[in-house]
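Undergrad: Sequence unavailable; structure follows:
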């Protein structure tokens, strides 16, 4: 596969899939900052952002690329947070940020510096609460990573966000991705790749797994000439999702294996990696605010990747209103079954940990299904019953009701167990 690189020196063209992922990145990053800066007694927040394939900063049409998006949302979030704090009679929040921008082409870095300079100067003059440092590198990412890691270590940054919007797939080793996820207490990664490149990579390391997953779309894994024709089929999207999830599930506790939605062919993937369920929960919610930006095929409740094309009837989930209604219906059955697998009680914190690698659902739909289930009750830490979905807290407890409408997990009294001998 010949990689397609952006021609930043000639004025790069903004493609539709990039426009969609940039909107998600912009909204998620603003939300990330405002959530992390909401504690009343907090007065300072420190973070580092690493844009590993930064590009020139602006496309030929003038639209912002990821480095400019980060700068704009840093300013927007700092001003928004402090406006709210002033209105509440709280002190000003100081935000310190190290922004590391890397691109393999030195000429592109020079273009980037020119695009960053006006925003950097405006922030320094108008937003004194935002303390910003920018470092530039011009290396292949794998060569730059040890240098980046040293920057982060010297600054003792615990909150780190990586944006790895690579060409193809081969520019980031899986070991590097896993190292990123375990090296910092609070780290998240946005990771973009072309699915053709991932399949070519996996053919060499896991040919049997590739062949098994692609068999459902009529490809044997050794000859991918039919891949182009398969990419616009729902069955292809489902098969590719499972392949992507299996390839990356060891890198982080929470992995979102969703494609950038393109009905003409699902070929680009934007994966969000996180170590904590809360980040995945927020990411799911942002996707619903940007319905049709990403796509999933299979189940929309829990066990989203358990779809079997030989036995199940899957559906395309575009994080839109029809998809949400389907998810709510499935969650009404799925949630009590999940609780029953633990006995009859499950703490909300554990429930969240269990589900957020298993569902594309919005948090509001999960909570609505809990309250709407005839089989589930929700109790506060003091034993009070929750009646409204929007009051459910992470400290609550889920409990199955004594009279359940679905099959029991235990043998009934007097039933005969089957001997496995």
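TA: It's in. The shown structure was predicted, so the numbers you read here are calculated from the model rather than taken from an experiment. Numbers count the residues shown, from 1 in each chain.
Undergrad: Show the end-to-end separation of stretch 54-72, please.
TA: The separation between the terminal residues of stretch 54-72, taken as Cα to Cα, to the nearest Å, is 15 Å.
Undergrad: Let me see the mean pLDDT of that stretch.
TA: Taken as a whole, stretch 54-72 carries a mean pLDDT of 95.
Undergrad: Could you do stretch 303-320 as well?
TA: Summarised as a single mean, pLDDT over stretch 303-320 is 74.
Undergrad: Could you do stretch 334-350 as well?
TA: When pLDDT is averaged along stretch 334-350, the result is 93.
Undergrad: now stretch 200-219
TA: On average, stretch 200-219 scores 66.
Undergrad: Same question for stretch 125-133.
TA: Per-residue pLDDT values across stretch 125-133 average out to 96.
Undergrad: Off-centre distance for that stretch?
TA: When distances are taken as Cα atoms, centre = their mean, to the nearest Å, stretch 125-133 is centred 29 Å away from the chain's centroid.
Undergrad: What is the end-to-end distance of it?
TA: Across stretch 125-133, the terminal residues are separated by 14 Å (Cα to Cα).
Undergrad: and the residue nearest to the spatial centre of the chain, helix, strand or coil?
TA: If you average the C-alpha coordinates of the chain and look for the closest C-alpha using Cα atoms, centre = their mean, you land on residue 272, 2.7 Å from that point. Taking DSSP: H, G, I helix; E, B strand; the rest coil as the rule, one finds residue 272 in the strand state.
Undergrad: can you tell me how far it sits from residue 196?
TA: Relative to residue 196, residue 272 is positioned 21 Å away (Cβ to Cβ, to the nearest Å). For glycine as for every other residue, the C-beta is placed from the backbone atoms N, C-alpha and C.
Undergrad: Residue 329 too?
TA: Using Cβ to Cβ, one obtains 35 Å as the distance from residue 329 to residue 196.
Undergrad: neighbour-wise, which of these two wins?
TA: More crowded of residue 329 and residue 196, by other Cβ atoms under 10 Å: residue 196, with 17 against 13.
Undergrad: hang on, the more buried one packs against residue 268?
TA: No: counting by Cβ atoms under 8 Å, residue 196 sits too far from residue 268 to count as a contact (9.9 Å).
Undergrad: residue boundaries of the helices in the chain?
TA: Along the chain, the stretches classed as helices by DSSP state H are 16-36, 66-87, 106-126, 141-154, 174-183, 195-205, 207-214, 227-230, 234-248, 277-289, 321-340, 348-355, 363-372.
Undergrad: can you list contacts of the fifth one?
TA: Contacting residues not belonging to helix 174-183 are listed as 141-142, 145, 149, 152, 160, 162, 164, 187, 189, 191, 247-248, 250-252, 273, 275 [Cβ atoms under 8 Å, 6 or more residues apart in numbering].
Undergrad: Which of these are buried, as a ChimeraX select command?
TA: Buried residues within the contacts of helix 174-183, by 16 or more other Cβ atoms under 10 Å, are selected in ChimeraX with:
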select :141,145,149,152,160,162,164,187,189,191,247,248,251,252,273,275
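Undergrad: pLDDT wise, what is residue 283 at?
TA: According to the prediction, residue 283 has pLDDT 93.
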